[in-house]
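**Student:** what follows is a predicted protein model with its sequence.
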Amino acid sequence: MASNFSNTRWVLLSQGARVVSQLVSMTVLARLLSPDAYGLMALAAIVTNMAYLFRDMGTAAALIQSRDVSPTMASTVYWTNLALGLLIGVAIICAAPITAHIFHEPQLATVLCMLAIVFPLTGASVVHQALLERESKFSVVAGAEVVASLAGLGAALLLAWRGAGVFSLVAQMIVATLVTSAIIVLRSTFRPLRHWNRAEFKSIARFSGNLSMFNVVLYISRNADSMVVGRILGAAVLGAYSMAYRLMLFPLQNMTYVVARVLFPVMSRSQGSVTEVANLYLRSLGFIAFLTAPLMAGLFALREPFVHVMLGASWQASVALLGWLAPVGFIQSLVSSTGTVLMARGSTGLMLRLGLVGAVLQVGAVVVGAQWGIEGVAAAYLAASLVNALPALYFSTRLIHIRFGTLMGCITPSIGAALLMVGVLRLSGPLVAQATPHEWLLLLVQVVIGVLVYGTASLVLLRPQLLSLRSLLGFQKKVEA
């Protein structure tokens, strides 16, 4: 079997390319494009994110989780996904004029029609990628994603420089999807049979159906804020909120994603041992908390110089929003990790029920918070995330016989070290500001101080998390736990 180091290394490489792409997008592109462009993409994402929920109807995860996958099963899922991709693309094109009318943005229709091509492309490669990940061949998938990220970024920068506006962001998404799909299909050994088998489809329908419904619920809870802000406050305000939200999602999309992507196939193969799954989960949760706590705490403490230096003065509205959304990033990075456990254990029904609870909380909070404007939405989002975290973590860990106190003991040291870092940054901020003439230098010095404080605290409080980090990154010569 491939070692944890090999898997983690390749997924980290892929995510590193994505992080670079996102950072350039949020710095260089943010200076070339207006908040309106990002607002239009955020409105388009309301539609495309919903469409992504039906891209594979949970069948890719079902292939990874299944004990055995026959060529007939894989082929059945392939033709299902290809048909879904074409159907979704057509549906988006048909719905584009109506969506543009609802949000009072005529240009949105053109954006959606162009983005519709993404879904047939992904539908043609979903099964190939799932089978590669099932076999832990992350080197192939990661290589494709690295090339795709760079290609998409290059296209976006060129078009933005030529004055293409929002269409530079559209091209980035299309080019990245095209390159990823092409490389994965060409590098995969899977070739679909020319028939569709109803019995094979029914064998995974329950797992994939519950997972697909959970994704729908998750979409509603995570996009309710964008719907409300875009409809009531407009694209420009949504652009500022969207940028703050993207910064908040960094740990969720990168740190948590790396761990979940590597551990899901491993946990699925360890279904017979609850103890083994529990140990894997606790180690990964400690790893996630160790990395995301200082990132989000630092973003909270340094949000004003960060936005001014990295994004520019036109994004000032995002500063206040980050004060509310930075803690959400840490909370959601922990809660999202529970999905790996639930899917690996085949408990997508419980996953759906927990998702429904979260959706009710998030939608209700956004509707109430909107009464106080954009900051009210962000504050309500934080409150709902805190309340939702408790049942999600409790019931998921109970499934693998982990006590809630044990779970809290795994993440509390990271929270304590991060809070200490925030305290030092807040106290040292005025002194550093007096000694540094430039805001970029202030940000750099404060980042160094934060790293030193958290690093020192980690040596005292976070020895288990540091050992877990060593293990996951492969400094211990150990195969899959």
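**Tutor:** Everything's here; your move. If you're wondering where the values come from, they're calculated on a predicted model, not measured in any experiment. Numbers count the residues shown, from 1 in each chain.

**Student:** give me the mean pLDDT for the strand or helix carrying Thr72.
**Tutor:** Using DSSP states H and E, Thr72 falls within helix 71-102. Averaging pLDDT along helix 71-102 gives 89.

**Student:** which elements pack onto that helix?
**Tutor:** Under the contact definition 3 or more CB pairs under 8 Å, 6 or more residues apart in numbering; DSSP states H and E, helix 71-102 sits against helix 35-53, helix 59-65, helix 107-115, helix 118-123, helix 126-134, helix 198-233. Glycine gets a C-beta too; all of them are placed from N, C-alpha and C.

**Student:** now those helices in CSV, with mean pLDDT and distance to Phe404?
**Tutor:** Output for the helices and strands packed on helix 71-102, formatted as CSV (pLDDT from 0 to 100; distance: least, CB to CB, whole Å):
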stretch, mean pLDDT, distance to Phe404
helix 35-53, 80, 30
helix 59-65, 74, 26
helix 107-115, 93, 42
helix 118-123, 90, 38
helix 126-134, 84, 31
helix 198-233, 70, 22
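
**Student:** quick check: the gap between Ser168 and Ile411.
**Tutor:** Going from Ser168 to Ile411 by CB to CB, to the nearest Å gives 39 Å.

**Student:** do Val166 as well
**Tutor:** 39 Å.

**Student:** go ahead and confirm Ala116 touches Leu87.
**Tutor:** No - contact between Ala116 and Leu87 fails when scored by CB atoms under 8 Å: they sit 10.9 Å apart.

**Student:** which one of those two is surrounded by more residues?
**Tutor:** Ala116 (24 against 15; other CB atoms under 10 Å).

**Student:** so who does the more buried one touch?
**Tutor:** By CB atoms under 8 Å, 6 or more residues apart in numbering, Ala116 lies in contact with Ile88, Gly89, Val90, Ile92, Ile93, Ala96.

**Student:** need the contact list for the third one.
**Tutor:** I take that to be Val90. Ala116.

**Student:** rewinding a little: give me the buried entries from the contacts of Ala116.
**Tutor:** Buried residues within the contacts of Ala116, counting neighbours by 16 or more other CB atoms under 10 Å: Ile88, Gly89, Ile92, Ile93, Ala96.

**Student:** for these, which one is nearest Ser136?
**Tutor:** Nearest to Ser136 out of those is Ile88 (CB to CB; 29.2 Å).

**Student:** nearest residue to the closest one in space, please, no chain neighbours.
**Tutor:** With sequence-adjacent residues excluded and distances taken as CB to CB, 6 or more residues apart in numbering, Ile88 is closest to Phe119, at 4.3 Å.

**Student:** for that neighbour, what are its contacts?
**Tutor:** By CB under 8 Å, 6+ apart, Phe119 lies in contact with Ala51, Arg55, Leu84, Gly85, Leu86, Ile88, Gly89, Ile92.

**Student:** quick check: mean pLDDT of stretch 366-381?
**Tutor:** 84.

**Student:** flag every buried residue along it.
**Tutor:** Under 16+ other CB under 10 Å, the buried positions of stretch 366-381 are Val366, Gly369, Ala370, Ile374, Gly376, Val377, Ala378, Ala379, Ala380, Tyr381.

**Student:** buried residues in stretch 125-142, which are they?
**Tutor:** 125-134, 136-142.

**Student:** run the chain-centre distance for it.
**Tutor:** 18 Å (CA atoms, centre = their mean, to the nearest Å).

**Student:** cool, and stretch 441-458?
**Tutor:** 26 Å.

**Student:** contacts for stretch 360-377, please.
**Tutor:** Identification of contacts with stretch 360-377 by CB under 8 Å, 6+ apart yields 220-222, 224-225, 228-229, 232-233, 237, 240-241, 317, 320-321, 324, 378-381, 383-385, 387-388.

**Student:** next: stretch 104-112.
**Tutor:** Here stretch 104-112 has contacts from 40-41, 43-44, 47-48, 92-93, 95-97, 99-100, 166-167, 170, 234-235, using CB under 8 Å, 6+ apart.

**Student:** hmm, try it at 10 Å
**Tutor:** 36-37, 39-41, 43-44, 46-48, 51, 92-102, 165-167, 169-170, 230-231, 234-235 (CB atoms under 10 Å, 6 or more residues apart in numbering).

**Student:** and if you look at stretch 440-450?
**Tutor:** So stretch 440-450 is in contact with 294-295, 297-298, 301-302, 304-310, 418, 421-422, 424-425, 428-429, 432-436, 438, going by CB under 10 Å, 6+ apart.

**Student:** okay, buried residues for that stretch please.
**Tutor:** Leu442, Leu443, Val445, Gln446, Ile449, Gly450.

**Student:** list just the nearest of these to Val175.
**Tutor:** Leu443 (31.8 Å).

**Student:** distance of the closest one from Ala244?
**Tutor:** 17 Å.

**Student:** great, nothing more from me.
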